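**Q** just the structure for this:
(chains A, B, C and D)
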There are 4 protein chains.
Amino acid sequence: MGSFLGQVFRIATWGESHGGGVGVVIEGCPPRLPLSEADVQPALDRRRPGQSDIVTPRKESDTCRILSGVADGRTLGTAISIFVPNEDQRSEAYSEMETMYRPSHADYTYEAKYGIRAVAGGGRASARETIGRVAAGAVAAKVLTTLFPQLEIVAYVAAIHDIEATVDSAVVTLAAVEVNSVRCPDAAAAERMIERIKQVRGEGDSIGGVIECAIRNAPAGLGDPVFDKLEADLAKAMLSLPATKGFEIGSGFAGARLRGSEHNDAFVMREGRVATETNRSGGVQGGISNGESIVFRIAFKPTATIARAQQTVTITGEAAELKARGRHDPCVLPRAVPMVEAMAALVLCDHALRQRAQDCIAR
Amino acid sequence: MGSFLGQVFRIATWGESHGGGVGVVIEGCPPRLPLSEADVQPALDRRRPGQSDIVTPRKESDTCRILSGVADGRTLGTAISIFVPNEDQRSEAYSEMETMYRPSHADYTYEAKYGIRAVAGGGRASARETIGRVAAGAVAAKVLTTLFPQLEIVAYVAAIHDIEATVDSAVVTLAAVEVNSVRCPDAAAAERMIERIKQVRGEGDSIGGVIECAIRNAPAGLGDPVFDKLEADLAKAMLSLPATKGFEIGSGFAGARLRGSEHNDAFVMREGRVATETNRSGGVQGGISNGESIVFRIAFKPTATIARAQQTVTITGEAAELKARGRHDPCVLPRAVPMVEAMAALVLCDHALRQRAQDCIAR
Amino acid sequence: MGSFLGQVFRIATWGESHGGGVGVVIEGCPPRLPLSEADVQPALDRRRPGQSDIVTPRKESDTCRILSGVADGRTLGTAISIFVPNEDQRSEAYSEMETMYRPSHADYTYEAKYGIRAVAGGGRASARETIGRVAAGAVAAKVLTTLFPQLEIVAYVAAIHDIEATVDSAVVTLAAVEVNSVRCPDAAAAERMIERIKQVRGEGDSIGGVIECAIRNAPAGLGDPVFDKLEADLAKAMLSLPATKGFEIGSGFAGARLRGSEHNDAFVMREGRVATETNRSGGVQGGISNGESIVFRIAFKPTATIARAQQTVTITGEAAELKARGRHDPCVLPRAVPMVEAMAALVLCDHALRQRAQDCIAR
Amino acid sequence: MGSFLGQVFRIATWGESHGGGVGVVIEGCPPRLPLSEADVQPALDRRRPGQSDIVTPRKESDTCRILSGVADGRTLGTAISIFVPNEDQRSEAYSEMETMYRPSHADYTYEAKYGIRAVAGGGRASARETIGRVAAGAVAAKVLTTLFPQLEIVAYVAAIHDIEATVDSAVVTLAAVEVNSVRCPDAAAAERMIERIKQVRGEGDSIGGVIECAIRNAPAGLGDPVFDKLEADLAKAMLSLPATKGFEIGSGFAGARLRGSEHNDAFVMREGRVATETNRSGGVQGGISNGESIVFRIAFKPTATIARAQQTVTITGEAAELKARGRHDPCVLPRAVPMVEAMAALVLCDHALRQRAQDCIAR
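**A** You can find the predicted model right below:
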């Protein structure tokens, strides 16, 4: 059931790295929304391999095609199916994976769960799985900006390895993020990050980092009490991305070291509305957006696939040494930025429509 | 929709702090499971107010009653309803809340979302909401130990403010956690933590901290690819708890600073099964449990309610000063430990039944 | 999972005939709706036993209590819990059920499914299960009439045994239905129905019949293509009621014997809106309401419990003769009328909120 | 949300009659199941247009392709995507539909709901929508026969217009159904049915009828109390098919005219298991299968599209006369038989996996 997400704006993704392709079905999209492949392709282009010299050179154009749910450039309100064929499949690169488990990959757990696995390319655990999310996220983002024209979702690399960027989440723009290949809007840090990634790749190794995301001008009132708190659904969405190890919102783990008198966000009036002086809450209080920027961070581990020799076991339980071949990202973060934005859009869009459903009696 | 959780083992919680009580409906519980109030009450007792001198003195016995789904001490397989009446309600303590928004509380966001709010006691945003979770979690835990007798879920306080405990997640026991009132199994740290909580309370302030949870001897194969990865569902479950600001599993945010060659968990054979030499993955790879301990940490912010005067605005938009009265926890962590265990049990139980459903063809 | 219903306006019912009571949790109810027990009790009173001399004499006041989700007479937008305690429990009347399976009851199937069953009163298969539905349906009906003040849901007995009533679904009122104890607005037929029920009861037997329901002035546009067609969700809702064997909408089974030229509903303009000259579609076309009256019928079988001796087997597989004791309805239809209305309201309310969620872009 | 079905074995269908194609995503399918296009194509061939001289001559090969979830001929346990491209699209045949609403079609209701509609071919309301169901149903059927090798699902035409067939649901086979183009295993009736269909088509008209379906050798214990009763889920599944107006199980509407003493199914022992002497329950008691044959009937109205002139209104509210062109079935039933079987398989498969999930404690 794990490929289905959302309560009202719902999606179902599908596809392995090797096979006929990958895609997504979107249900609950508002009708009459102008939509074409041109709305989806830019996000896929930011996600695709081969886009720069610090990502995997695997060649995939990742060209999407909308197969249903749209006529004459507008959504029909019915299920939207978006399809991206697989192109650059080289099964031969995966021969070791047939006989041994790659450390910190999903080979062993898929085998344990299913008693079978798609050896070539990691199957459903491949990063190609994220294409469906990113495509659906682009549609969700278009719904959001139609409903809330001021709303902005901007994600960026905040840290690579031990290099930390300085970014003002209140003003950073998509354009500033796209200036360099590592997607870090702090130019000086970005330069060092790119250098570090190249160095580590040259050493047959990999590195991780942190992505920060700011959602600005979201309306107050999104998110539900109890289980579907906005930060809970964001946490699930982000931790469902490959290679993630942590999520924090607002003050996050550092907030655990503050006193209440230091942490609380004083309420003030700003431009005629209730606002907060600080934003340690990260834009969410009691699970519901308060109108301030929603700011959160996601920790990504270093890519599991490395060129260096590693100790492992074979599928028959013998000790073995694995030296990965194939084409891989030395650092997943640059390509994960659009994934984070997509997941944020999916969560917000679902909650926006849910709120619209429930808040139906005139105030 | 936010009070419903789970796909197969499903729950629906209900109840405000002021009103007839709080409770939960559990659907999908296996039939023929021995179950009585005695299985649920201990978890509620660990959660309830007034249990020690470092938590709120509010007096609630939190005595549960199973109203349906059980006959002659065994589950029937039908919906289980568990009910806990409210007892100690003092609405007068909340008079300021009628006219002004408490900083970093849910007063304003509930008003923004619903256009109405239960002023007394915070309504659904009260910690009493967690009673339904803890009760359902006790049932889920019993299902889990019936299916997997070796499985253990142990949560404990890992840090209060800047005081960090040293705990070995591989061996820590419930008994060791329950030795002191702060629920930290590092005796020396616990002593300092208790002292700090009392000191901060004396200063009219509050503090946060970190809870760690270890799930030992869970079977490999739980969790689903893509959106319902085990860590994603755990993150959602934990971030749905009041006052949480972050979640990390295994290496977490620190893992983002490691290289792949440092981070990967080498596979080895141990006691005839595939195991890992280290556990930076935190027991989950590709979203699916690998048989190692599932270890994660949750950041809790300092309690929002403090005795000190705070700046805020009234519901009509005037600047105001709030000085909270009422009875509150200076630090939520000691009482949050059983909540974390409950949420962990709920997530695991749901995934265990889901895996049983799908893995139905003989291997 | 079978006690959960709805996508946006969601409910979870619970409770056996013997035990602490029965109830329902409602999620997704709009906030600020005026609501009190007085809105729910009338529907429960129409459902309860002992209300007339043609229903079971079991004595239950079925007094409901709203335990959460409402403050100061208005809904909070959070989960509403409604509770009805059990009162008149006589387990001794069910001693035969411990040792043998009652024909056409759920004794055997519950045993087969769960390996356990609540012998007293039929457990979850008791008609008391429907209290939760009827209570939730009353809330749904109030939401609907708030959103669509002209909307009316009127159900009535259309046939008992072979006695068929003549009722004009376009004008029949609740008041006309409540005039007699059998809930049939055709006075002459009603008299014969009541007589027949008494006669059959005197013979230790039971009878069934047909309930018709008209939903008038529902807006066009409710219902979803494909699986959640409005008639599909109505069919599920009605066939989930105890003792039902069939559902038909509009022309129903008789429509299968017509030609297209006889069956099609010609479109005409009426009062400035698109309308149909006839209504063989039953108010739904392509799964979506068209603004005409939604008219459907439900077949109820005769009550399974009869005083006459019947052939059966014991739980150990011996042939046996069963002669039921206990207090039962000789005909379930009079009490099923409010259940049908409740289920109709639940389905419509969910679809109304779903439509509101999706139709969010200005036309 | 209406294109998503199922709780554990879940599907999402998509596709309009005009556009890139139609398809389905299946989640929760057991891993290691042998599966290829050859398992799916036969059901699609029984559904496709142009298969005989009594169905629409529209030319579609409806060739399916499995795009994901299967490797080396076995299911992986991950999402299965099945795709069927559209081939024979003639938009010009639909020009009248742009300007006027076809009686008893979904043109007006889609417009009312969505404020937009896919004029060509009826969009999502086209019978092509059912391809996704039939493909998924074939997969569900394969799961079922793997779990329960004796289980059989056989649907057939029981009536066309006023011509009723005599069929023994206990022994009828798929082969007997496939002997003639109308899919009625009563040879004499079938001949008259085919003649009638041709005659009515010659008159520019259409006719409806009744399909009966028997599920034999299903295990006892499938179906859930309360809302997800097996007959409730079957009713929803069947009423979600295009052109359906009614559903009845076992004794159905005729059962409403019997007495309890006539209707009850006496329990007997048969081949060592509890059985019933008669089967007026239709294989389901209390919403749960009892091990007897599950037998139900579905009423289909006459095809809405007829060649005769009909009264209607234009989209601007003018009275108009419509004379349909295009290629349509004079009677939908022959092609609906595999749809009924598919929906039955989907419902049963979901309930079978749900039962497996819940019944996890050793008896």
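**Q** next, count neighbours for A:F148.
**A** A:F148 has 15 neighbouring residues, counting by other CB atoms under 10 Å in any protein chain shown. C-beta coordinates here come from the backbone N, C-alpha and C atoms, glycine included.
**Q** in what helix or strand does the nearest residue to it once chain neighbours are set aside lie?
**A** Ranked by CB to CB, 6 or more residues apart in numbering or on different chains and with sequence neighbours excluded, the top spatial neighbour of A:F148 is A:P219, at 6.0 Å. According to DSSP states H and E, A:P219 maps onto no helix or strand at all.
**Q** surely A:P219 meets A:N290?
**A** No: the pair A:P219 / A:N290 is not scored as a contact, 9.9 Å apart, by CB atoms under 8 Å.
**Q** more crowded one of those two?
**A** A:N290 (32 against 17).
**Q** is it true that A:A155 lies in a strand?
**A** Yes: assessed by DSSP: H, G, I helix; E, B strand; the rest coil, A:A155 belongs to a strand.
**Q** residues of the stretch 1-150 of chain A that sit close to chain B?
**A** Selection of the stretch 1-150 of chain A residues close to chain B by CB under 8 Å from any CB of the partner chain yields A:1-5, A:7, A:13, A:101, A:103-106, A:108-110, A:112-115, A:124-125, A:129.
**Q** 6 Å instead, please
**A** For the stretch 1-150 of chain A, the residues in contact with chain B (CB under 6 Å from any CB of the partner chain) are A:1-3, A:5, A:7, A:101, A:103-104, A:106, A:108-109, A:112-113, A:115, A:124-125.
**Q** among those, which lie within strands?
**A** A:L5 (DSSP state E).
**Q** the helix or strand bottoming out on mean pLDDT in chain A and chain D in contact?
**A** Ranked by mean pLDDT, DSSP states H and E, the helix or strand of chain A with the weakest confidence is helix A:95-99, at a mean of 79. No: Helix A:95-99 stays clear of chain D (CB under 6 Å from any CB), getting no nearer than 11.3 Å.
**Q** ok, and what's touching that helix?
**A** A:119, A:314, A:322 (CB atoms under 6 Å, 6 or more residues apart in numbering or on different chains).
**Q** can we see that at 7 Å?
**A** A:107, A:119, A:314-315, A:322 (CB atoms under 7 Å, 6 or more residues apart in numbering or on different chains).
**Q** so can I have CSV of the residues you listed showing secondary structure and neighbour count?
**A** Shown next, in CSV, are the contacts of helix A:95-99 (DSSP: H, G, I helix; E, B strand; the rest coil; neighbours: other CB atoms under 10 Å in any protein chain shown):
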residue, secondary structure, neighbour count
A:D107, helix, 25
A:V119, coil, 20
A:T314, strand, 17
A:I315, coil, 16
A:L322, strand, 24
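**Q** where's the dip in pLDDT among these?
**A** Note: of those, the lowest pLDDT belongs to A:V119, at 80.
**Q** give me the distance from the longest helix belonging to chain A to the chain's centre.
**A** Identified as the longest helix of chain A according to DSSP state H is helix A:333-358. For helix A:333-358, the separation from the chain centroid amounts to 9 Å (computed by CA atoms, centre = their mean, to the nearest Å).
**Q** likewise stretch A:192-200?
**A** Centroid displacement of stretch A:192-200 relative to its chain, using CA atoms, centre = their mean, is 22 Å.
**Q** what sits up against that stretch?
**A** A:54, A:157, A:160-161, A:163, A:180-182, A:184, A:206-207, A:330-331, B:259.
**Q** and that stretch, average pLDDT?
**A** Averaging pLDDT along stretch A:192-200 yields 98.
**Q** before we move on, back to that, pull the most distant pair out of the contacts of stretch A:192-200.
**A** Greatest spacing in the contacts of stretch A:192-200, by CB to CB: A:N180 and B:R259 (22.1 Å).
**Q** going along the chain, name the helices of chain A.
**A** A:37-47, A:95-99, A:107-114, A:130-147, A:174-177, A:187-202, A:230-239, A:252-255, A:260-263, A:333-358.
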